[in-house]
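[1] predicted structure and sequence below. I'll ask about it afterward.
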Amino acid sequence: MVAASGIAPPRAAAALPGARARAAHRVGFLRSHSQAAAAKLRCCASATDDGVVETAAPKPRPPRVAGMGSKLIGCGSAVPSLTISNDDLSKVVETSDEWIATRTGIRSRRVLSGDETLGGLAVLAAQRALEMAQVRPEDVDLVLFCTSTPDDLFGAAGQVLAELGCSTKTLGFDITAACSGFIIGLITATQFIKGGGKYQNVLVVGADALSQYVDWTDRGTCILFGDAAGAVLVQACSPEEDGLLGFCAQSDGNGQKHLHCSGSNAESVLSKTNGVPGFPPKKGTFSCIEMNGKEVFRFAVRCVPQSIEKALEEAGLPASSIDWLLLHQANQRIIDAAATRLSIPSEKVISNLANYGNSSAASIPLALDEAVRGGKVKNGDIIAASGFGAGLTWGSAIVKWG
C-alpha cells in the first residue's frame, strides 16, 4: 500500500496468535454491533417517530467540491389545459371538496387531454428554463429526463432534446425514481459537471402523467395525482460559486409494497403456441397505482426531516439558514409535519399543492418556477428541497438559487 505522499508506510509487525484471535473477536463484535445500528437507523415506511427531530450543531463544511461547482440559473414549467376540481371528482366517486381538501390540501389538479402529451409539456418547460438562463439549446450538453411515465418505454430524453433543437452531441437519458426523480436528477447533474469540463450546461426536466395510471374509481388515489412538467438549467461554475451545498439520497426497497405501479400481463394475442408451454409471453402492461396512504405518511414525516438534516450537515449549515423549504407536493399534512419537525415557520414553506395535486417528479420544479417568477425566491436564497416516494426512495438537496 502506498500513502498519499507516495512513500510506502512501514510494514506492521505480525500479530501473535493470541492477539490475532482477540482482534478477530473484536472485529466480529464491532461488525455485529454496526449491523445492528444500521438496522436500527434504517428509515422505512414501517417505522414511526412522534418526537421532534433534534437539530445537531452544524459541522464545518468539508471540502466536498473536488472539481467544478454548479449553480441553478433558470427554471420553467408547463401544465395541461384541463383542470379537474374536487367537485368534478365528486361526480365520479363518492367524495366531496371538503373531504379531499381536509385530508390532502388539494383543491384541483391538471390532467392531459386532447392531443397534449407529456413530451410536449416537458419541451415547453425546458424552453422556458433555457430562456430564463439565456442558454441556447445547442449549448446544452446533457438532458436528464426524470419521469416514471415516458411517452416511449425505451426513454423519452432523446425526443425532448431533439424537439428542443439541441446538438446531436448532446447526451440525454431518463431517470426513473418516481416522486424523488427530480432531486436525484439534480444530484446527478452536479456530479456530471464536477467530473470535468465536458458538461457545462445540464438541463434537468421533471415530468409525469400519473393520471394515465390512476384507478378513477378509487377515491383513495384518484384524488391525489395530476400531470405537469418542470425544468431547471444547471450550469458549471467555479468552486467558490457552487450552489449545491449539500445533499442526501437514499432508498429502501422493503417499502415498495406500500406504493407501487407494478407490471402485469394481459392474455397473449397469439392462439398457436406450437406446443411450447408458456410461449409466447403474455403482453406486458401496468396495473393502476396502489398505495398504503397511512404507511407512506409515516415514512415521509420521519425520513424527510432526517434527510434534510443530513444534507444540512454536509453543507455545514444550521436549519435556521434555510430561506425556503420546498418539499415534494404530495400532501399538505406531510409538508406541515416536516416543517414542524424542522422548526421552519409556515411563511418559509413553498406550496402550490392546492392547485396541482401530486405531479410526481414535476412537483418540485413546478413549485420552484412559480416561486421564482412570483418574486418569492431571489438570487442567493438558500432552499432545502426534498423528494420522496415510490421505491421507496427519498433525497434532499440544499441549494442556493442563482
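    Done, it's in. What you are looking at is a predicted structure, and each value in this text was computed from that prediction instead of being measured.
[2] for the rest of this, base every contact and every neighbour count on C-alpha atoms.
    Noted.
[3] element containing the closest residue to residue 81 other than its chain neighbours?
    The spatially closest residue to residue 81, leaving aside those adjacent along the chain, is residue 110, at 7.0 Å (C-alpha to C-alpha, 6 or more residues apart in numbering). Under the criterion DSSP states H and E, the helix or strand holding residue 110 is strand 108-111.
[4] what sits up against that strand?
    Strand 108-111 is contacted from outside by 79-86, 209, 211, 225-228, 354-357, using C-alpha atoms under 8 Å, 6 or more residues apart in numbering.
[5] one more time with 7 Å
    Applying C-alpha atoms under 7 Å, 6 or more residues apart in numbering, the contact partners of strand 108-111 are 79-86, 211, 226-227, 354-357.
[6] walk me through which strands it pairs with, and which way each runs.
    Looking at strand 108-111 with DSSP bridges, its partner strands are strand 82-85 (antiparallel).
[7] so which bits of the strand it pairs with are buried?
    For strand 82-85, the neighbour count (16 or more other C-alpha atoms under 10 Å) marks 83-85 as buried.
[8] and what of stretch 362-382?
    Quick answer for stretch 362-382 (16+ other C-alpha under 10 Å): 362-372, 377, 381-382.
[9] okay, which residue is most central for this structure?
    Here the mean C-alpha position of the chain is nearest to the C-alpha of residue 180 (C-alpha atoms, centre = their mean), at a distance of 2.0 Å.
[10] so that residue sits against residue 394, correct?
    Yes - with contact taken as C-alpha atoms under 7 Å, residue 180 and residue 394 are classed as touching, separated by 5.6 Å.
[11] which residues do the two both contact?
    Common contact partners of residue 180 and residue 394 (C-alpha under 7 Å, 6+ apart): 387-388.
[12] in contact with the closest residue to residue 140 other than its chain neighbours, which residues?
    Of all residues not flanking residue 140 in the chain, residue 201 sits nearest, at 5.0 Å (C-alpha to C-alpha, 6+ apart). Residue 201 makes contact with 139-142, 233-236, according to C-alpha under 7 Å, 6+ apart.
[13] how about residue 228?
    Contacts of residue 228 (C-alpha under 7 Å, 6+ apart): 78-80, 121, 207-209, 359, 362.
[14] between those residues, which sits nearest residue 134?
    Taking C-alpha to C-alpha as the measure, residue 78 is the one of the contacts of residue 228 closest to residue 134, at 18.4 Å.
[15] how many residues are close by the closest one?
    For residue 78, the count of nearby residues is 24 (other C-alpha atoms under 10 Å).
[16] wait, it sits on residue 125?
    Yes - here residue 78 reaches residue 125: they are 5.1 Å apart, a contact under C-alpha under 7 Å.
[17] so what sits against both of the two?
    Here residue 78 and residue 125 have 229-230 as joint contacts, going by C-alpha under 7 Å, 6+ apart.
[18] so where do the helices sit in this protein?
    Assigned by DSSP state H, the chain shows helices spanning 17-41, 86-89, 97-104, 118-133, 157-164, 181-194, 293-315, 332-341, 353-356, 363-373.
[19] mean pLDDT added to those helices, as TSV?
    Output for the helices of the chain, formatted as TSV (pLDDT from 0 to 100):
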stretch	mean pLDDT
helix 17-41	42
helix 86-89	96
helix 97-104	96
helix 118-133	98
helix 157-164	96
helix 181-194	96
helix 293-315	90
helix 332-341	95
helix 353-356	98
helix 363-373	98
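[20] Throw those into CSV and include distance to residue 68, thanks.
    As requested, these are arranged in CSV below (distance: least, C-alpha to C-alpha, whole Å):
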stretch, distance to residue 68
helix 17-41, 33
helix 86-89, 47
helix 97-104, 41
helix 118-133, 19
helix 157-164, 24
helix 181-194, 5
helix 293-315, 16
helix 332-341, 32
helix 353-356, 35
helix 363-373, 23
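[21] quick one: which of the ones you listed is nearest residue 170?
    Comparing these by their distance to residue 170 (C-alpha to C-alpha), the top pick is helix 157-164, with 7.8 Å.
[22] buried residues, the closest one. List them.
    So, applying 16+ other C-alpha under 10 Å, buried residues of helix 157-164: 157-161, 164.
[23] for those residues, which one is nearest residue 386?
    Using C-alpha to C-alpha, those come closest to residue 386 at residue 157, 23.1 Å.
[24] how far away is the closest one from residue 148?
    Applying C-alpha to C-alpha, to the nearest Å, the value for residue 157 to residue 148 is 12 Å.
[25] repeat that for residue 249.
    Noted for residue 249: a distance of 18 Å to residue 148, by C-alpha to C-alpha.
[26] looking at those two, which is more packed in?
    It is residue 148, of residue 249 and residue 148, that has more neighbours when counted by other C-alpha under 10 Å, with 23 against 20.
[27] how about the more buried one, phi and psi?
    Dihedral pair for residue 148: phi -110, psi 0, per degrees, to the nearest 10.
[28] what subset of the contacts of residue 228 is buried?
    The neighbour count (16+ other C-alpha under 10 Å) marks 78-80, 121, 207-209, 359, 362 as buried among those.
[29] tabulate the residues you listed (JSON lines), appending distance to residue 286.
    Listed next are the buried ones among the contacts of residue 228 as JSON lines, based on distance: C-alpha to C-alpha, whole Å:
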{"residue": "78", "distance to residue 286": "26"}
{"residue": "79", "distance to residue 286": "24"}
{"residue": "80", "distance to residue 286": "23"}
{"residue": "121", "distance to residue 286": "23"}
{"residue": "207", "distance to residue 286": "19"}
{"residue": "208", "distance to residue 286": "15"}
{"residue": "209", "distance to residue 286": "14"}
{"residue": "359", "distance to residue 286": "19"}
{"residue": "362", "distance to residue 286": "21"}
